Structures are given as C-alpha cells and as structure tokens.
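Novice: Can you look at this prediction? I've put the sequence above it.
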Amino acid sequence: MLEIKNLETGYGKKQVVFGVSLKVAPGEIVALIGPNGAGKSTVLKAVCGLLPIWKGEIIFDGVELNGLSPAHRVGRGIMFAPQGNRVFQELTVRENLEIGGIHIGKDELQGRIRHVLELFPALKTRLKEEAGRLSGGEQQMLALARALIIKPKLLLLDEPSLGLSPGLVKMIFELIGRIGRDEGMSILIVEQKVKEVLGIADRVMAMKLGHLAYVGEAKSLANDPIRLKGLFL
C-alpha cells in the first residue's frame, strides 16, 4: 500500500530524515517509534505532502507521490491526523465532520457521518455542541472520526495519545486497533506510548537521529525489553 524508498527531507536547510525506507502492507498497522527528535513525525508529513521530498521516492497504491499536492494525496486515499486534538474549536461536532468530507456529495456525506458515529457513539449526542466544549478524549475521537469520513486507504496518526489520561489512552488505542481490523485500513502510527502501540501494531519500525534503527514484529519487540530500551538510549 505504501512504500518509502531512501527518503531524505527536513525543514528549511536542516535535514532531519536520512535515507529512510519502509513499507506498509494493505490492512497492516505499523508503529513508528523512537526518541523525541528522531524524525518520526517528519516522515508522516512527507508522506501526506506537508514537507517536500528532497531525495527518494514515496509510492502509494502503485503511484509515485513525489510532486503531488496534499489535496491530491487526500483524493488518492491518504489522511493525516496530526498530534494535539486538532479540531475546529468554534464549530459544532457535526460541522467538524462535514469539513472532513467537504468534497463528498451531500447524501454520501451524511451516510459516512452515520457510519463514523457508529464507531464513536460518544459523539452522537454532542453533534450540536461546539467542539471546543468537548473533553480531551472526545476531541481526539472527533479528530479520528473526521479523518475517517473519506474512508482512507491509509491513515497517518501522529501521537493520538498526546495529553490524554491513562484511561483515555487505553480507549483510544482500542478504537484504533478496531478501526484497523474492522475497516481493513492501513495505519502508520507515530507514538510515544510504546507498550500500548505495540499491543495493536503488526510491525514496528524504530528511528534514531533520522535513520531507521530497527524493523521487526511488534510482538517480538514487546517481549524484548532490553532491545526496546536500547532503541531509546
């Protein structure tokens, strides 16, 4: 579904990612872990088109993405949910969901909203409320629900647990795991809650200082605390 070949990119003149290559298969959940500043979020931004590709290739569903705008990538089925409960605070929950499907016909959009509300039933009774009045966990649910409106083939998640209480973290990861299984969606997730993300991921890739330092099965790494610790030192 997604193949990154020898990716190099960064911000301004500062290079952050150095020759990273990775793959995400159809229906697979892949965790991208590593210490702060390793370049994990930068990889996601390059995939969705928010950062230019300096060198290398990004291929999605058989099509090279180099040079395509973020809007074109969304149209091809890539959706990015950035960190930090990114919702439109002054708009209602329904309006936030409608923005997620702004390019979809009205009848189809309403059907998709009904579908995501089945995945996130806590939002059903809050549709007329301003998103800024929701709790942190509910805002994260709304951000995920909005990302799912277009029925993406690939969902990019950047630290969905950020700022949430332990109970909400558990709930959010259960939801992400269920979405991957039930929707057959490919998911590439950057996360600092390593134990939790390894519990839902099929494979894991670790980055250090802009380089890929480890690729393997999520369960194997979860059962190897010494190696896991070493990836963050």
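Specialist: Sure, I can see it. Numbering: from 1, shown residues only.
Novice: list the contacts for L127?
Specialist: The neighbourhood of L127, defined by Cβ atoms under 8 Å, 6 or more residues apart in numbering, consists of T92, V93, R94. Heads up, the C-betas are built off the backbone N, CA and C, glycines and all.
Novice: for those residues, which one is nearest R112?
Specialist: R112 has its nearest neighbour among the contacts of L127 in R94, at 12.4 Å by Cβ to Cβ.
Novice: if you skip the residues just before and after it, what's nearest to that closest one?
Specialist: Nearest residue to R94, sequence neighbours excluded (Cβ to Cβ, 6 or more residues apart in numbering): L127, at 4.4 Å.
Novice: and if you look at A131?
Specialist: Excluding its sequence neighbours, the residue lying closest to A131 (Cβ to Cβ, 6+ apart) is V87, at 4.3 Å.
Novice: So which bits of the longest helix seen in the chain are buried?
Specialist: Across the chain, the helix with the greatest residue count (assigned by DSSP state H) is helix 166-183. By neighbour count on 16 or more other Cβ atoms under 10 Å, the buried set for helix 166-183 is L168, V169, M171, I172, F173, L175, I176, G177, I179, G180, E183.
Novice: same check, this time on stretch 112-127
Specialist: By 16+ other Cβ under 10 Å, the buried positions in stretch 112-127 come out as R112, I113, V116, L117, L119, F120, L123, R126.
Novice: can you check stretch 195-212 too?
Specialist: Using 16+ other Cβ under 10 Å as the test for burial, stretch 195-212 gives 196-208, 210, 212.
Novice: what's the spacing between it and its chain's center?
Specialist: Distance, stretch centre to chain centre, for stretch 195-212: 13 Å (Cα atoms, centre = their mean, to the nearest Å).
Novice: which residues in the protein form helices?
Specialist: With DSSP H as the criterion, the chain has helices at 40-48, 70-75, 93-100, 106-119, 136-148, 166-183, 194-200, 218-222, 225-230.
Novice: Indicate which one of those is closest to G34.
Specialist: Distance to G34, taken as Cβ to Cβ, is lowest for helix 40-48 among the helices of the chain, at 5.7 Å.
Novice: who's in contact with the closest one?
Specialist: Residues contacting helix 40-48 (Cβ under 8 Å, 6+ apart): 2, 4, 7, 9-11, 16-17, 20, 22, 32-34, 51-53, 58, 60, 65, 70, 73-74, 78-80, 83, 156, 158-159, 188, 190, 207.
Novice: Keep only those of the residues you listed that are in strands.
Specialist: Per DSSP state E, strands hold the following members of the contacts of helix 40-48: 2, 4, 7, 9-11, 16-17, 20, 22, 32-33, 58, 60, 78-80, 156, 158, 188, 190, 207.
Novice: Quick one: buried ones out of those residues?
Specialist: Burial by neighbour count, judged by 16+ other Cβ under 10 Å, picks out 2, 4, 7, 9-10, 16-17, 20, 22, 32-33, 58, 60, 78-80, 156, 158, 188, 190, 207 from these.
Novice: Contact partners for E159?
Specialist: Contacts of E159 by Cβ under 8 Å, 6+ apart are S41, Q83, V190, E191, Q192.
Novice: Tabulate those (CSV), appending pLDDT.
Specialist: Converted to CSV, these look like this (pLDDT from 0 to 100):
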residue, pLDDT
S41, 95
Q83, 79
V190, 95
E191, 92
Q192, 89
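Novice: Give the residue spans of the chain that score low on pLDDT.
Specialist: Where the chain drops to pLDDT under 70, the residues are 84-85, 233.
Novice: Spatially nearest residue to the residue nearest the centre of the chain (excluding sequence neighbours)?
Specialist: Geometric centre of the chain, nearest residue: L157, 1.5 Å, by Cα atoms, centre = their mean. Once flanking residues are discounted, L157 sits nearest to I189: 4.3 Å by Cβ to Cβ, 6+ apart.
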